[in-house]
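Asker: Show me the folded form of this:
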Amino acid sequence: MLILVTYDVSTVEKAGQRRLRRVARACEDYGVRVQKSVFECQVGQTEWVQLKDRLLREIKADEDSLRFYHLDETAKSKIEHHGNQKPVDLTEPLIL
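Answerer: Numbers count the residues shown, from 1 in each chain. Here you go, the predicted structure:
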């Protein structure tokens, strides 16, 4: 399944800056950054449960915002991209 993860973490305090890094690191473990606080994650059901649980444990609900957009297979063909940073095909092998 393709999940779009977006977040906004309050960084007014040092603890918020640490939370922001942990949230970003969790997203990087499961997906590809497409904007500063937006990740496309191609995950199976088990990975999805793990990612969601990890992110919900990291944020502070009274200070931060976290959104998950569940995209179906037809949505992939409707993604339109302009500008730099060529989109990554999540179905192809990644070479680092």
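
Asker: Break down the protein into its helices, ranges please.
Answerer: Using DSSP state H, the helices of the chain run over 14-30, 45-58, 73-76.

Asker: want to try JSON lines for those helices, with mean neighbour count as columns?
Answerer: Glycine gets a C-beta too; all of them are placed from N, C-alpha and C. Listed next are these as JSON lines, based on neighbours: other CB atoms under 10 Å:
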{"stretch": "helix 14-30", "mean neighbour count": "16"}
{"stretch": "helix 45-58", "mean neighbour count": "14"}
{"stretch": "helix 73-76", "mean neighbour count": "10"}
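
Asker: pLDDT below threshold where in the protein?
Answerer: For the chain, applying pLDDT under 70 flags the ranges 85-96.

Asker: Report back the residue of it that's furthest from centre.
Answerer: Glu13 (22.5 Å; CA atoms, centre = their mean).
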